[in-house]
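Q: Only the shape, not the letters, is given here:
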């Protein structure tokens, strides 16, 4: 009876290849070419280069399970300025049964450097959105040729710059993916990096303004004293720091500088970090500040915001790369000269137009049946956690508004887009609290509900995630992550280390 089934259909049904891996080297692609195709273990590894413009050189890599393909395609995102194909993440996804791919975003200068953008506007566009899209197109063509059929469903998973890429796909190319995971997305790139420069100016305009690393625990202790119990549990985690009414003036030294207080200059710098930059002419918020109560978690503030002079902080380095290289194309640009009106506007116009993914119009993605899961750690020292809430609410307002200004009683955003805020978690993982939930950047606890699995269930079975269980470093700690605007509420009597003692309300 099996002999009556065409051979390639039999192989495809078993998740096997229809043709030899090496034959893909001869595959013809539009404005792209396969440079190699070879088997490595159970994976067919295909490398290609795409040239959608004369100044484009986009490297991409596709890993295809030779057997036991699960029928899905997963594309993985990058970090920082990209600059390298994320081979490790691609291989990890392929070893789980996915046909997987990723790209270097069109340059090879490293994640912290934008010198490649000087004199190359097309490369900036490649980085901004085009590279991820053409990788999706070519990778799907390659997998279809290999298996003799297209993927059943396609997914994108990314955090940080990868989260920005994820939202670019939902906004600009809504038919590329059925489901998207966007972690801590740097979607408002031009304003985000303006916030980096703001923090660098606040801390480094003079030696007196810099906050020593040793004072971060002092700051956090004072913030927790004011806010830790507002969520019903005194555990060193604040479920929603927006409810924290912490006045940092309590930290002001009453006499000489000491290890347990802040000088007036240090206090001024801290308040600027909390508040974020505003346009001095209009008063409009450019980028949100950073929440209190997480200052000493991990090395988030220490590495991202403070750094150790004369070395730059990570934020400072990225701020200089954006405005000095991508915007003004001047490696000698002085961050202390940045003006938060005209300079921000120019950055929006020249680079933000290609890189930012802040468009709230997700109607086409929704109409195509797309599903979007976004997550962000409250202790993120890179990208302000407030920014993800801002984007979610912008989408909800946009979708819920009629042309004449009237609003729907209930915006339909929850039908396809859900945001999960994670108390205590740092940038894309780490930190404290329930930071392990299979987000692709840290090993998921064996009992956790994988966020990618939750997305797949939503896309393929129509069951939206009502919560995602996160686990901490200790095996006996768990907490529900609730879809915003819901919060995890303690029942007042159960074990506060068990997620069953909380409900999403």
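A: Nice, I can see it. Please read all numbers here as calculations on a predicted model, not as lab measurements.
Q: For the residue nearest to residue 435 when sequence neighbours are not counted, give me its contacts.
A: Leaving aside its chain neighbours, residue 435 sits nearest to residue 425 (3.9 Å; criterion: Cβ to Cβ, 6 or more residues apart in numbering). For the C-beta atoms, the positions are set from N, CA and C on the backbone; glycine is no exception. By Cβ atoms under 8 Å, 6 or more residues apart in numbering, the contact set of residue 425 is 377, 378, 379, 380, 431, 432, 433, 434, 435.
Q: measure residue 425 to residue 24 for me?
A: The gap separating residue 425 from residue 24 is 40 Å, by Cβ to Cβ, to the nearest Å.
Q: What of residue 101?
A: In this view, residue 101 and residue 24 are 13 Å apart by Cβ to Cβ.
Q: Which one's more surrounded, those two?
A: residue 101 (29 against 23; other Cβ atoms under 10 Å).
Q: Make sure residue 454 is indeed in a helix.
A: Yes: counting by DSSP: H, G, I helix; E, B strand; the rest coil, residue 454 is found in a helix.
Q: Would you mind pointing out the helix or strand residue 420 falls in?
A: strand 417-422 (DSSP states H and E).
Q: Also residue 375?
A: Per DSSP H and E: strand 371-377 holds residue 375.
Q: In the following helix or strand past that strand, which residues are buried?
A: Counting by DSSP H and E, the element after strand 371-377 in chain order, helix or strand, is helix 385-399. For helix 385-399, burial by neighbour count (16 or more other Cβ atoms under 10 Å) applies to 385, 386, 387, 388, 389, 390, 391, 392, 393, 395, 396, 399.
Q: same thing with stretch 335-353?
A: 335, 338, 340, 343, 344, 346, 347, 348, 350, 351, 352.
Q: before we move on, what about stretch 466-481?
A: 467, 468, 469, 470, 471, 472, 477, 478, 479, 480, 481.
Q: ok, now stretch 163-181?
A: Across stretch 163-181, burial judged by 16+ other Cβ under 10 Å covers 163-174, 176-181.
Q: now it, how far from the centre of its chain.
A: Distance of stretch 163-181 from the chain centroid (Cα atoms, centre = their mean, to the nearest Å) equals 12 Å.
Q: average pLDDT across that stretch?
A: For stretch 163-181, mean pLDDT rounds to 98.
Q: who touches residue 494 in this structure?
A: Here residue 494 is in contact with 500, 501, 502 (Cβ under 8 Å, 6+ apart).
Q: Backbone torsions only: list them for the last one.
A: Here the main-chain torsion angles of residue 502 (degrees, to the nearest 10) amount to phi -130, psi 150.
Q: Against residue 138, how distant is the closest residue to it other than its chain neighbours?
A: Ranked by Cβ to Cβ, 6+ apart and with sequence neighbours excluded, the top spatial neighbour of residue 502 is residue 488, at 4.3 Å. Distance, residue 488 to residue 138, using Cβ to Cβ: 42 Å.
Q: Check residue 27 too.
A: Taking Cβ to Cβ, one finds residue 27 at 9 Å from residue 138.
Q: okay, those two: which has more neighbours?
A: residue 138 (26 against 19).
Q: which ones are touching that one?
A: 29, 32, 48, 50, 60, 62.
Q: In terms of distance to residue 145, which of those ranks first?
A: Distance to residue 145 across the contacts of residue 138 (Cβ to Cβ) is lowest for residue 29, with 9.7 Å.
Q: Give me the phi and psi angles of that closest one.
A: Main-chain dihedrals, residue 29, degrees, to the nearest 10: phi -120, psi 160.
Q: Now for it: which residues touch it?
A: 48, 50, 138, 141, 142.
Q: can you redo the contacts of residue 494 as JSON lines with distance to residue 249?
A: Below are these laid out as JSON lines (distance: Cβ to Cβ, whole Å):
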{"residue": "500", "distance to residue 249": "40"}
{"residue": "501", "distance to residue 249": "35"}
{"residue": "502", "distance to residue 249": "33"}
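Q: most surrounded residue in those residues?
A: residue 502 leads the contacts of residue 494 on contacts (other Cβ under 10 Å) with 23 neighbours.
Q: And for residue 56, the neighbour number?
A: Neighbour number of residue 56 under other Cβ under 10 Å is 21.
Q: three-state assignment of residue 203?
A: Classification of residue 203 by three-state DSSP places it in helix.
Q: Local confidence estimate at it?
A: Per the predicted model, pLDDT is 98 at residue 203.
Q: And residue 109, by the same measure?
A: 86.
Q: Please report how far it lies from residue 259.
A: 41 Å.
Q: Between the two, which is the more surrounded one?
A: Comparing residue 109 with residue 259 by neighbour count (other Cβ under 10 Å), the higher total belongs to residue 109, at 18 against 9.
Q: Could you pull up the contacting residues of the closest residue to the more buried one other than its chain neighbours?
A: For residue 109, ignoring the flanking residues on the chain, the nearest one in space by Cβ to Cβ, 6+ apart is residue 116 at 4.4 Å. With contact taken as Cβ under 8 Å, 6+ apart, residue 116 is in contact with 83, 107, 108, 109, 123.
Q: Recalculate using a threshold of 10 Å.
A: By Cβ atoms under 10 Å, 6 or more residues apart in numbering, the contact set of residue 116 is 57, 81, 83, 105-110, 123-124, 126-127, 325-326.
Q: Alright, calling it a day.
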